[in-house]
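1. no letters, just coordinates:
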């Protein structure tokens, strides 16, 4: 599978200098395939968390969540978590609800930099 945003490796590397990066997925792929894809695409992270379903994300004790699932983003936000929603066709209806949208990983970096100074 091709990398959707070519800036992701660079941005995650920058963020990893300040934050502990969890790579969280509920993908049907196995851990070895996921790790290989991340390595092939030079994605920096500290820990892979392979969940059996998306709802398990709600129990993760992270500080900042970059999410594209609108229902998970809303639930995380309600729990007081900082959420950045990666804009997709299926979540555009959430625009203006207080959760910042990012079109790409450079936008994610900009949002985090404004809030936390990276």
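-> Nice, thanks for sending it over. Please read these numbers as outputs of a predicted model, since none were measured by experiment. Residues are numbered from 1 along each chain as shown.

2. only C-alpha atoms for contact and neighbour calcs from this point on.
-> Noted.

3. what about the longest helix in this protein?
-> In the chain, ranked by residue count with DSSP state H as the criterion, the top helix is helix 105-116.

4. burial of the residue nearest to residue 58 when sequence neighbours are not counted, as a residue count?
-> Leaving aside its sequence neighbours, residue 58 sits nearest to residue 76 (CA to CA, 6 or more residues apart in numbering; 6.1 Å). Residues lying near residue 76 (other CA atoms under 10 Å) number 20.

5. for this structure, just list every one of the helices.
-> 8-16, 31-40, 70-78, 105-116.

6. okay, these in a markdown table with mean pLDDT next?
-> Below are those laid out as a markdown table (pLDDT from 0 to 100):
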| stretch | mean pLDDT |
| --- | --- |
| helix 8-16 | 97 |
| helix 31-40 | 96 |
| helix 70-78 | 94 |
| helix 105-116 | 97 |
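
7. right, and those - which one's nearest residue 50?
-> helix 31-40 (7.1 Å; CA to CA).

8. ok and the closest one relative to helix 8-16, angle-wise?
-> 90 degrees (axes from the mean of the first three to the mean of the last three CA atoms, to 10 degrees).

9. helix 31-40: how far from the chain's middle?
-> 16 Å (CA atoms, centre = their mean, to the nearest Å).

10. repeat for stretch 106-117
-> The answer for stretch 106-117 is 13 Å, by CA atoms, centre = their mean.

11. got it, and stretch 111-118?
-> The chain centre lies 15 Å from the centre of stretch 111-118; the measure is CA atoms, centre = their mean.

12. got it, and stretch 101-116?
-> On CA atoms, centre = their mean, the centre of stretch 101-116 falls 11 Å from that of its chain.

13. can you give me the buried ones in that stretch?
-> Judged by neighbour count using 16 or more other CA atoms under 10 Å, the buried positions of stretch 101-116 are 101-102, 104-109, 111-112.

14. same check on stretch 27-41?
-> 34, 38.

15. identify all contacting residues around that stretch.
-> 1, 3, 9, 44, 48, 50-51 (CA atoms under 8 Å, 6 or more residues apart in numbering).

16. next: stretch 68-76.
-> 54-55, 57-58, 67, 82-88, 90-91, 94.
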